[in-house]
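Engineer: here are the coordinates; sequence isn't available:
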């Protein structure tokens, strides 16, 4: 079995068939790959659609489980996956025809840990934009070469060696959003052979029904809290890592830059209010990522970070902004 494609399924009756048909129309014999549909406690017809598709395609496996979120579904898929490589596809997205075979060939020929490919992003207005790599194509790179750049955020943009995941016991942290960022922090740290291929493979669709896009206060708060949890997990991983100093330095720079960027929106006239700001600082403290460690930032962010470390100044500034809203 060359490849396992893992697709979490939750209330996606509108898009599931499109997604599955896309992964089945590939330049690879169906006997060479499996498609694992993890029905994560769907409340609509997604579960039945998954079962119907498994009757149509003989390489589909359906897993039914109680709702646990995206990370839980991906972990459940990995637990039974048999492929030499893993590919993660979100069920409201799709991949282009006849693109997987060449990725497998490139990965095998170059003994890759990670094969990163280009993708199209479809925005809410229906327009698409192509995401391209800032790194040279068709060249084997290491984690050190690419680490710290904003190209590794989405796990679905990679074909990943199963042996790398199993060797380091990698799994998704459950119960949070932004789980891709935390997973890839560890994945790209351990990857020694990474290649960026100049091939558009994946089509990401904007789904306004995604809970993390909701403007409800409770969902916005979860988005902030989970981002801070990810930063905390990244810091913990760096502290316990046996990797070279360069790795820890880049993790610290990423985390502290993220905290600065998390505070900046509070200084917009149309940004969150003072009570939300106080919650954010409290969450950051409880996660161990505030005060900001400015020594690990670029000069401009060092100055901003030093100012942000004064809670008195921050509180005064946010209160003043609240009065002008």
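Structural biologist: Looks like it came in fine. Please read these numbers as outputs of a predicted model, since none were measured by experiment.

Engineer: residues making contact with the helix or strand in which residue 230 is found?
Structural biologist: Using DSSP states H and E, residue 230 maps to helix 217-240. With Cβ atoms under 8 Å, 6 or more residues apart in numbering as the test, helix 217-240 has contacts from 173, 176-179, 181-182, 185-186, 189, 211-212, 214, 247-248, 251-252, 254-255, 258-259, 262, 272, 276, 279-280, 283-284, 287-289. All C-beta spots, glycine's among them, are computed from the backbone N, C-alpha and C.

Engineer: Give the buried residues for it.
Structural biologist: 222-235, 237-238 (16 or more other Cβ atoms under 10 Å).

Engineer: try stretch 97-111
Structural biologist: 99-104, 106-107, 110.

Engineer: what does stretch 308-317 give?
Structural biologist: Buried residues in stretch 308-317 (16+ other Cβ under 10 Å): 308, 314, 317.

Engineer: got the contact list for the first one?
Structural biologist: Residues in contact with residue 308 (Cβ under 8 Å, 6+ apart) are 259-260, 263, 292, 314.

Engineer: got a winner among these for most neighbours?
Structural biologist: residue 259 (25 neighbours; other Cβ atoms under 10 Å).

Engineer: returning to what we had before: quick one: least confident of the buried residues of helix 217-240?
Structural biologist: Among the buried residues of helix 217-240, residue 238 has the lowest pLDDT, at 85.

Engineer: Relative to residue 273, how far out is that one?
Structural biologist: For residue 238, the distance to residue 273 equals 33 Å [Cβ to Cβ, to the nearest Å].

Engineer: And for residue 106?
Structural biologist: As for residue 106, its distance to residue 273 is 50 Å (criterion: Cβ to Cβ).

Engineer: quick one: residue 42 and residue 14 touch, right?
Structural biologist: No. Between residue 42 and residue 14 there is no contact under Cβ atoms under 8 Å: 12.0 Å.

Engineer: check contacts around the closest residue to residue 232 other than its chain neighbours.
Structural biologist: Excluding the flanking residues, the one nearest residue 232 by Cβ to Cβ, 6 or more residues apart in numbering is residue 287, at 3.9 Å. Contact analysis of residue 287 by Cβ under 8 Å, 6+ apart lists 228-229, 231-232.

Engineer: What is the most widely separated pair among those residues?
Structural biologist: Greatest spacing in these, by Cβ to Cβ: 229 and 231 (7.3 Å).

Engineer: which residues sit in contact with residue 171?
Structural biologist: Residues near residue 171 by Cβ under 8 Å, 6+ apart: 71, 75, 78, 183.

Engineer: Poorly predicted segments of the stretch 201-325 of the chain, please.
Structural biologist: Within the stretch 201-325 of the chain, the segments meeting pLDDT under 70 span 208-216, 269, 271-272, 321-325.
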